[in-house]
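Novice: I would like to see how this sequence folds:
(2 chains)
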There are 2 protein chains.
Amino acid sequence: MDALFDRYQPTLVAALKATQDRGYWSAYPEIPSGKIYGETAKDDGLASYNAQLGRPFDLPGHPGSGIVGAEVSPFGPSLGVTYPAADANSLIAASQAAASAWATAPIKTRVGVCLEVLARLNHRSFEIANAVMHTTGQSFAMAFQAGGPHAQDRGLEAVAYAYAEMSRTPAQAVWSKPQGKAEPIVLQKHWRVVPRGVSLVIGCQTFPTWNSYPGLFASLATGNTVIVKPHPGAILPLAITISVIRQVLAEEGFDRNIALLAPDAPGAEITAGLVQSEAVSIIDYTGSSSFGEWVRRHAGEAKVYTEETGVNSVVVATTDDFAGMCANIAFSLSLYSGQMCTAPQNIYVPRSGIATNQGHKGFEDVAKGIASAIDDLLADPARANGVCGAIANSATLARIETARGLGTLIRDSAPIDAGDARTATPLILGVDAEKTDAHEEERFGPIAFVVAVADAAEGIERAASLARRKGAITAALYDTDDTRIENAVNAFCNAGVNLSINLTGGIFVNQSAAFSDFHVTGANPAGNASLTDAAFVAERFSTVMWRQPRTV
Amino acid sequence: MDALFDRYQPTLVAALKATQDRGYWSAYPEIPSGKIYGETAKDDGLASYNAQLGRPFDLPGHPGSGIVGAEVSPFGPSLGVTYPAADANSLIAASQAAASAWATAPIKTRVGVCLEVLARLNHRSFEIANAVMHTTGQSFAMAFQAGGPHAQDRGLEAVAYAYAEMSRTPAQAVWSKPQGKAEPIVLQKHWRVVPRGVSLVIGCQTFPTWNSYPGLFASLATGNTVIVKPHPGAILPLAITISVIRQVLAEEGFDRNIALLAPDAPGAEITAGLVQSEAVSIIDYTGSSSFGEWVRRHAGEAKVYTEETGVNSVVVATTDDFAGMCANIAFSLSLYSGQMCTAPQNIYVPRSGIATNQGHKGFEDVAKGIASAIDDLLADPARANGVCGAIANSATLARIETARGLGTLIRDSAPIDAGDARTATPLILGVDAEKTDAHEEERFGPIAFVVAVADAAEGIERAASLARRKGAITAALYDTDDTRIENAVNAFCNAGVNLSINLTGGIFVNQSAAFSDFHVTGANPAGNASLTDAAFVAERFSTVMWRQPRTV
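Specialist: All right, here's what the predicted structure looks like:
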């Protein structure tokens, strides 16, 4: 039963080392190249995706008493895929019925299954990329990377941490307590990893795989059964994932219902019933803070791991590469039209301007510098489509309309010439720091504020305070003064925000690399957990002992 | 600043190894011997204890606007010690004001402080033993071991796990991502351990140090400030502990208010105000399930670690050492008059009796065998006092009165000839398994039921089911059939209960050894956490990053 573990052990060993070193490492190549994935991989993946469209998704043996499915690509067409639908109680009953053999399977067997699943998902990265693209609105290149290899790396990272935690206590030990001159008392002790039970993973629309894989694989590896509740608008990527898991489970002799899909229809979500079930003992949630708060309050004794919303900030103090700074911020604002949880919203700039390698730049110069860099970046429609992709949810377009009046228009949002796609480039507004009702609300999507402050110190204080109160996943700083940088480091550390300093090249504040960057700190309202650290996996199981006198 | 860390590094290294090996290991000798602790240590400790009595406890610089303190020894005399009393808000304000330097102190500095504190507590073990004895009712020998070295070992265990978790991610790393033929993107990354904030430790009366030290030292080591709220009946042992912590903190240049005592008066407890404060971000609680549930519901976003109540069971199937079994169970029931959270309450015995090395024993033979073994154990009053100690809380005596009518009297409870001490030997009642209203309620203290079941399998099923529903910390089994033992192991593992099999010698189901036995599994209602594993410490801090392009 451990053949899979043995096959992938080198990958696991490398992953474990990477979690400790935290330098660059990746198990799954991020370049959608025929040389890596096979010359026909791209066409094959597209063909596989197309073959899924317009018909029932194949999930043999999956519980369901009806069908749901109404996904529409942000690039235009309806997917027309339907999925087996079951109510919360039926899914939980099926999950519990499948639990026993998985809970008591050897650790290496479960980890081997997870590693095989990840390898197969990697081979289907092109198919998954199309599914992610047409449910999230990500461009193909981004959908491939974030939805495929990067998500798989995050899954592997969770498996590695889970394996490390489960292996930390030996399976047995001899306890021999000296008794002076008498014979020692000797006990043989045994420990077993016991999973918590049914694990619920609640996915989001924008990153259905990347944000779901850590909880999904952490729970599976630690012996829990999983029910994956996708966003109604982004079911297909997780349906493919669940189908692969079920296939490997069946091949290895396990009940396929260890992994279940819980698709539902917009307006008829079954999430509340799943969250409130006493049988659900682990919940991984990615989504809005408002529903996140509901989940946390109604989860009962379940362990809850969330990534919620927040407001990310950039503070501009000074730079020795003004053009590079503007281009870097422009890309961060434009990438996937600001629909990343790591995208900046507020850019704090001193009212009196900043010193740069191009001389003094006034507040407006900085704001316009960023706006111009966006214009340059998105001048070519093909490139604009590749950077911005499409808007996942029409509510985001409405949000842009509402936001337009909240400040001085620095750069207007506009559609990209992209056929039927729902698109929007970044809206940039100038506001004074006092206008907190404008810039201190999260405005998800391509909406950014250049916020006028007295100086960089005020910007840092406001950004850090906002992070503490409303959450933030990322922060960026442009400065060259070591003392001020140190102050900023302290302020953002205390606010639980990961900080990027002076990014000007081909790396962006939005980017979070598995095995090196912890995504979310758990230390502010943007989420109560981190992807992935020991805390993310350690409570998904208990260690239970039995002991008896040792018969020599 | 790391001189303390360097001094105790060998202890820490050995402790870290012990947490992985899980064989027998202890840093602090459990034998109250003059050869180990110094020939005058016992007298000196008693003198120090006596010097505390009848006057205000000395906590220089501790906030307080009044005094409280009404401890009365279960062995008779009032302690007459008073403590500075402050309201919840004042304590929290003082704790927050002290936080900054401790939060940003190097990991090794904080760990060094904790190790120095533990070493000093160890030197004061005799004084602490007297304080524990006269607040809990434990006999001197038990108060020394459980309240002194064993508690210190549990504290060290928590420090070791905390150090391991904080050291897991490097302080910095170079992230170099290849870019094909172009130059790699190189980032210098830094990580900092950021504590959650104010940590509240709510102590219990029966084990004020043993049950408090894990949370206290785990929180301190990870950079949180701590407020220790002792049980109004058992303040002194924790006051001594806090005074030692404050002394070491002051010597090392830290604000003493990093560690605060929150004593209160019975009927005017300040616990609720502390629990409900948004500033409190970690809560460690030991006590009843009813208040534990309140704590869990009202803790807001604080991380809560609990040890609550449950019903522990023994299942008797067969034995090849009937006398040894009866003597072992007798000791487990008598030790500290059943006031240990690990003491058994229900002993399931087949109605038709069991096979033993002394031939067939009927249900009544087994029940009477245990009762007789208790009589033998407690025949000598001096020995009885040493085993049973005194009853911590008069409510326990009332509970014995109420319980007496719940079944067939097998052995009556009685006082021990012990002067003014409040004492009671075990009450043993026989009941049929169907009488669940008698034996399925937790009846804290020296109250046990011999429960008649059809066979051992029913006993295991009932005991495991009870553990799942109402919690259990320990279970014991007497059996010689490997298949049945395996079934019991599976049943109790699934119920999250640590199981001891065939204990007949000088080791008892009640005993839980640091560095080997995890105390509580977190997998049933007897508690949501385990002392001590990675999960117990990993969420007491976050890891926050800053990164910037590396200038070569």
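Novice: When you work out contacts or count neighbours from here on, use the C-alpha atoms and nothing else.
Specialist: Fine.
Novice: quick check, stretch A:223-231 touching chain B?
Specialist: No. Stretch A:223-231 lies apart from chain B when judged by CA under 8 Å from any CA of the partner chain; the minimum separation is 12.3 Å.
Novice: Please enumerate the strands of the stretch 401-550 of chain A.
Specialist: Using DSSP state E, counting those that start in this stretch, the strands of the stretch 401-550 of chain A run over A:408-411, A:427-432, A:447-453, A:474-478, A:498-501, A:541-549.
Novice: Now tabulate the ones you listed in CSV and tack on mean pLDDT.
Specialist: Output for the strands of the stretch 401-550 of chain A, formatted as CSV (pLDDT from 0 to 100):
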stretch, mean pLDDT
strand A:408-411, 98
strand A:427-432, 98
strand A:447-453, 98
strand A:474-478, 98
strand A:498-501, 98
strand A:541-549, 98
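Novice: Can I get those in JSON lines including mean neighbour count and distance to chain B?
Specialist: Converted to JSON lines, these look like this (neighbours: other CA atoms under 10 Å in any protein chain shown; distance: least, CA to the nearest CA, whole Å):
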{"stretch": "strand A:408-411", "mean neighbour count": "17", "distance to chain B": "28"}
{"stretch": "strand A:427-432", "mean neighbour count": "24", "distance to chain B": "26"}
{"stretch": "strand A:447-453", "mean neighbour count": "27", "distance to chain B": "23"}
{"stretch": "strand A:474-478", "mean neighbour count": "28", "distance to chain B": "9"}
{"stretch": "strand A:498-501", "mean neighbour count": "25", "distance to chain B": "4"}
{"stretch": "strand A:541-549", "mean neighbour count": "24", "distance to chain B": "4"}
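Novice: Can you lay out the ones you listed as a markdown table showing distance to residue B:123?
Specialist: Converted to a markdown table, the strands of the stretch 401-550 of chain A look like this (distance: least, CA to CA, whole Å):
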| stretch | distance to residue B:123 |
| --- | --- |
| strand A:408-411 | 69 |
| strand A:427-432 | 61 |
| strand A:447-453 | 57 |
| strand A:474-478 | 48 |
| strand A:498-501 | 43 |
| strand A:541-549 | 32 |
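Novice: pLDDT value on residue A:472, please?
Specialist: pLDDT, residue A:472: 98.
Novice: er, residue A:418 I mean
Specialist: pLDDT for residue A:418: 73.
Novice: Any regions of chain A where pLDDT drops low?
Specialist: Per-residue confidence for chain A (pLDDT under 70) gives these ranges: A:1, A:552.
Novice: Let me know the helix or strand that the residue lying closest to residue A:135 once chain neighbours are set aside is in.
Specialist: Nearest non-adjacent residue to residue A:135, counting by CA to CA, 6 or more residues apart in numbering or on different chains: residue A:234, 4.9 Å away. Element membership for residue A:234, per DSSP states H and E: none, as it lies in no helix or strand.
Novice: Residue A:234 touches residue A:136, doesn't it?
Specialist: Yes. Residue A:234 is within contact range of residue A:136, at 6.6 Å (criterion: CA atoms under 8 Å).
Novice: overlap in contacts of these two?
Specialist: Residues touching both residue A:234 and residue A:136 (CA atoms under 8 Å, 6 or more residues apart in numbering or on different chains) are A:205-206, A:208.
Novice: export the lengthiest strand in chain A as CSV, just CAs?
Specialist: Among the elements of chain A assigned as strand by DSSP state E, the one spanning the most residues is strand A:182-195. Provided in CSV are the C-alpha atoms of strand A:182-195 (Å, rounded to 0.1, in the frame of the first residue of the first chain):
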residue,chain,number,x,y,z
ALA,A,182,14.7,-1.8,42.3
GLU,A,183,13.9,-2.8,38.8
PRO,A,184,12.7,0.1,36.6
ILE,A,185,9.0,0.4,35.7
VAL,A,186,8.9,-0.3,32.0
LEU,A,187,5.9,0.6,29.7
GLN,A,188,5.5,0.0,26.0
LYS,A,189,3.7,3.0,24.6
HIS,A,190,2.0,3.4,21.2
TRP,A,191,0.7,6.5,19.6
ARG,A,192,-1.8,6.8,16.8
VAL,A,193,-2.8,9.8,14.7
VAL,A,194,-6.6,10.2,14.9
PRO,A,195,-8.3,12.6,12.5
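Novice: Show the end-to-end separation of stretch A:45-62, please.
Specialist: 24 Å (CA to CA, to the nearest Å).
Novice: Residue A:418: how many residues sit nearby?
Specialist: 16 (other CA atoms under 10 Å in any protein chain shown).
Novice: Now do the closest residue to it other than its chain neighbours: how many residues are near it, please.
Specialist: Closest residue in space to residue A:418, ignoring its immediate chain neighbours: residue A:385 at 7.1 Å, by CA to CA, 6+ apart. Using other CA under 10 Å, residue A:385 is surrounded by 24 other residues.
Novice: surely residue A:385 meets residue A:421?
Specialist: No. The pair residue A:385 / residue A:421 is not scored as a contact, 9.5 Å apart, by CA under 8 Å.
Novice: what about the strands in the stretch 251-400 of chain A?
Specialist: For the stretch 251-400 of chain A, the strands defined by DSSP E, counting those that start in this stretch cover A:259-261, A:280-286, A:303-307, A:313-316, A:318-319, A:346-350, A:354-356, A:359-361.
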